[in-house]
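1. model this:
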Amino acid sequence: MGIPIIFAHGALGAFDEVVFVSVILIFLVLMVLSWVRSRNLPDDDMPATPTEHAPKAKTDTDHFSLK
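-> Below is the predicted model of the structure:
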């Protein structure tokens, strides 16, 4: 009595199952590691410190008035 073939059935026989399950496990481990690492990172869309938009002075040299 052998291992029942559930996921894959190819030329390798029962070893197809081992390869298929190994790929699934590697994928899940990588996804969990990525999730654990990203939990501790700051959000990209949220600024680190709140900034207030102060009006710039009219003598701003970056812009010139259009006439």
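
2. how about whichever strand or helix holds Phe27: buried residues?
-> According to DSSP states H and E, Phe27 maps onto helix 14-39. Neighbour-count burial for helix 14-39 flags 17, 20 (criterion: 16 or more other CB atoms under 10 Å). The way it works is simple: take the backbone N, C-alpha and C, and place the C-beta from them, glycine included.

3. tell me the average confidence for it?
-> Mean per-residue pLDDT for helix 14-39: 91.

4. helices or strands up against that helix?
-> Of the remaining helices and strands, none touches helix 14-39 by 3 or more CB pairs under 8 Å, 6 or more residues apart in numbering; DSSP states H and E.

5. make 22 the first number, not 1, from now on.
-> Okay, residue one is now 22; in that scheme the one you just asked about reads as helix 35-60.

6. CA atoms of stretch 54-62 as CSV?
-> C-alpha atoms of stretch 54-62 as CSV (Å, rounded to 0.1, in the frame of the first residue of the first chain):
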residue,chain,number,x,y,z
LEU,A,54,8.3,35.8,6.6
SER,A,55,7.3,38.7,4.4
TRP,A,56,4.3,39.4,6.5
VAL,A,57,6.3,39.3,9.8
ARG,A,58,8.9,41.7,8.4
SER,A,59,6.3,44.1,7.0
ARG,A,60,4.4,44.4,10.2
ASN,A,61,7.2,46.3,11.9
LEU,A,62,7.7,48.7,9.0
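
7. residues in contact with it?
-> Under the criterion CB atoms under 8 Å, 6 or more residues apart in numbering, not a single residue lies in contact with stretch 54-62.

8. so Asp64, which of the three states?
-> Using DSSP: H, G, I helix; E, B strand; the rest coil, the structure places Asp64 in coil.

9. measure it to Leu51 for me?
-> According to CB to CB, to the nearest Å, Asp64 and Leu51 sit 22 Å apart.

10. likewise for Phe36?
-> Computed as CB to CB, the Phe36 to Leu51 distance reads 22 Å.

11. repeat for Val40
-> 17 Å.

12. likewise Ala35?
-> Using CB to CB, one obtains 25 Å as the distance from Ala35 to Leu51.
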